[in-house]
Structures are given as structure tokens and as C-alpha cells.
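Colleague: No letters, just coordinates:
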């Protein structure tokens, strides 16, 4: 390995349905790994699709060995590919300047804020939709959606 390069091993998993969709999506992930401009894909091993027990989903993963020029490029990789695990293989020690660590943390914080805002917006939309559904149900003389679910659950118990 070249001086200053960082070799990592990463695992990315795709889970979904149908099986063909999982396989096609994994093919796209592997293609993006191979054609990246900011890291080199040294090797990749793709698993066979596996049916998830007691669920209508399939799973497939790729284990990839990648080479980066800089530590902060690994952060971008993590945000773009969302690996399940990441392990630095080489070098055994990494020295870097404080700014690299500051950038890493600030990138992480910015992404966390994006996700936090997204979750809050989705929650607010969900609350509004439930209220609107309840209004429509009452206007139509139907039970509220939550009451209908409770009634169906009680019918199953009998």
C-alpha cells in the first residue's frame, strides 16, 4: 500500500422486497463502489440473497476493501454508502491535524441536524394527516381510524 493511504474494510447491506429489487440495488451499489472518484475499490465480495426468517424481506451484503487518500474522505463515504460496519485495516496508527477531526465532527453534526429536521417534519405531517382523517371519518359517520383498529383487534380476540 502507498504511503499515506488508508485501507478500510466496509460492509454494506441491502434489505427489501422483492428479491430481484434487492439484487439490482446491490448491483448499483457495487458499481458506485467501483467507479468512485474519491476512493479506490480494491476488492468486493457480494453475498447471495438470503430470505429473512418470518418476514417478507430479502437481504444481501457486500464486503469491500477500499483505499482512501485522506481521513475525511472516509466520512463522506460513510454518509454516501451508510455501511453497517467499517474497519480501518491499514495503517495501524493515523496521525492527523485537529482541523480534520473538527471537519469530521461538524459534518456529522450537520447530517444529524438534517435527519432530526426530517423526522420532525414527517412527524408533524403524520399528526396533521391523522387529524384530517379523523375529521373526515366523523363527517362521514364512520368511527375514527384509531377506534376502528381497536374494534378490529377486539373482534379478533373473540
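Modeller: Arrived safely, thanks for sending. None of these values were measured; they are calculated from a predicted model. Numbering: from 1, shown residues only.
Colleague: Domain ranges for this structure, per the record?
Modeller: Domains of the chain are assigned by automatic domain parsing as 6-96, 113-157.
Colleague: a markdown table please, covering those and showing mean neighbour count.
Modeller: Quick note: C-beta positions are derived from backbone N, CA and C, even for glycine. Putting the domains of the chain into a markdown table (neighbours: other Cβ atoms under 10 Å) gives the following:
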| stretch | mean neighbour count |
| --- | --- |
| domain 6-96 | 15 |
| domain 113-157 | 11 |
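Colleague: Could you check which helix or strand contains the residue sitting furthest away from the middle of the chain?
Modeller: No residue in the chain sits farther from the centre than residue 141, which is 41.9 Å out by Cα atoms, centre = their mean. Using DSSP states H and E, residue 141 sits in no helix or strand.
Colleague: Mind jotting down where the strands sit in the protein?
Modeller: Listed in chain order, the strands of the chain (DSSP state E) span 6-16, 40-46, 50-51, 58-68, 85-90.
Colleague: Averaged pLDDT, the shortest one. What do you get?
Modeller: This means strand 50-51. The pLDDT scores in strand 50-51 average 93.
Colleague: Sheet-wise, list the partners of it with their directions.
Modeller: Strand pairing for strand 50-51, using DSSP bridges, gives strand 58-68 (antiparallel).
Colleague: With the last one instead?
Modeller: Neighbouring strands of strand 85-90 in its sheet, by DSSP bridges, are strand 6-16 (antiparallel).
Colleague: Quick one: work out the angle between the strand it pairs with and strand 40-46.
Modeller: 40 degrees (axes from the mean of the first three to the mean of the last three Cα atoms, to 10 degrees).
Colleague: what's in contact with strand 6-16?
Modeller: Here strand 6-16 makes contact (Cβ atoms under 8 Å, 6 or more residues apart in numbering) with 1, 22, 25-26, 29, 42, 52, 57-71, 74, 77, 81-91, 94.
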